[in-house]
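Undergrad: Build me a structure from this.
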Amino acid sequence: MIISDRNNKIKEGHLNRKAIIYIRQSTDRQVRKNKESQRLQYALQDKAEQWGWNDIEIIDSDLGSSAAAGASERQGFERMTSLVAVGEAGIIFSREASRLSRTDKDWCRLLEVCNVFDTLISDGDQIYDCNCVDDQLILGIKGTISSVELKILYTRLVAGMQEKAKRGKFKRQIPPGYIWDASDNVVKDPNKRIRDTIELIF
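TA: Below you'll find the model as predicted:
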């Protein structure tokens, strides 16, 4: 099989193992609304086939799972890491570093096992070899940016909520059965069916 010069990091030993396609979106809302992102992530399978892999596993059990610190355990991420750790993965495909991890701890753990077991990482355009110092540096920078980006987004979100609160405009999500009225007061939902259901439960 002829591999183009651009992909000369791919060796026969990599092709003899699995290509892992890791797919993740952070929230259920993204899963429901942002179908284009899903399409682009699933399309990485075409790239894996184009580069010579026959054994391809798609891991999408983390759709709707955050990769931030403190989030619940991602089963898909754990499976992907374990496949690398037992020498079954030749390459991991992900659209971008933030799909794989938003924390330094998870990112460093993944890079470490990829280094030990000679597993490549690709975003679909570039291939990174964790045994190559230059690629390690690039991946390290990407991981750091991903982690910092999440902190910046959180800081902006909190700042926005604080400014709204100062103006008296901040509204938190209220329990089912209640709504905000035109005067920004919390009142019972005018929908009789909803009120009757709530009363039946309580």
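Undergrad: Quick check: closest non-adjacent residue to Tyr178.
TA: Val186 (5.3 Å; CB to CB, 6 or more residues apart in numbering). From N, CA and C alone the C-beta is placed, and that goes for glycine too.
Undergrad: so where's the chain uncertain?
TA: For the chain, the stretches with pLDDT under 70 are 1-6, 66-72, 102, 146-154, 156-161, 164-165, 168-171.
Undergrad: quick revisit: so the residue nearest to Tyr178 touches Gly177, yeah?
TA: No: applying CB atoms under 8 Å, one finds Val186 not in contact with Gly177, separated by 10.4 Å.
Undergrad: out of those two, which sits in the more crowded spot?
TA: Neighbour count, other CB atoms under 10 Å: between Val186 and Gly177, Gly177 has more, with 15 against 12.
Undergrad: How much space separates that one from Asp129?
TA: Separation of Gly177 from Asp129 (CB to CB, to the nearest Å): 56 Å.
Undergrad: for Gly13, same thing?
TA: According to CB to CB, Gly13 and Asp129 sit 12 Å apart.
Undergrad: Give me the more crowded residue out of the two.
TA: More crowded of Gly13 and Asp129, by other CB under 10 Å: Asp129, with 21 against 10.
Undergrad: distance of the more buried one from Glu96?
TA: For Asp129, the distance to Glu96 (CB to CB) stands at 18 Å.
Undergrad: for Ile92, which residues make a bridge with it?
TA: Beta-bridge partners recorded for Ile92 (DSSP bridges): Ile20, Ile121.
Undergrad: Just the CA atoms of the helix or strand hosting Asp106, as PDB, please.
TA: Secondary structure assignment for Asp106, by DSSP states H and E: helix 104-116. Presented in PDB, the C-alpha positions along helix 104-116 are these (Å, rounded to 0.1, in the frame of the first residue of the first chain):
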ATOM      1  CA  ASP A 104      -4.600  18.800  31.700                       C
ATOM      2  CA  LYS A 105      -4.900  15.600  33.700                       C
ATOM      3  CA  ASP A 106      -6.800  13.600  31.000                       C
ATOM      4  CA  TRP A 107      -4.800  15.100  28.200                       C
ATOM      5  CA  CYS A 108      -1.500  14.200  29.700                       C
ATOM      6  CA  ARG A 109      -2.700  10.700  30.500                       C
ATOM      7  CA  LEU A 110      -3.800  10.100  26.900                       C
ATOM      8  CA  LEU A 111      -0.600  11.500  25.500                       C
ATOM      9  CA  GLU A 112       1.500   9.300  27.800                       C
ATOM     10  CA  VAL A 113      -0.200   6.000  26.800                       C
ATOM     11  CA  CYS A 114      -0.100   7.100  23.100                       C
ATOM     12  CA  ASN A 115       3.700   7.600  23.500                       C
ATOM     13  CA  VAL A 116       4.300   4.300  25.300                       C
END
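Undergrad: and that helix, which residues are buried?
TA: Residues of helix 104-116 classed as buried: Asp106, Trp107, Leu110, Leu111, Val113, Cys114, Asn115 (neighbour count, 16 or more other CB atoms under 10 Å).
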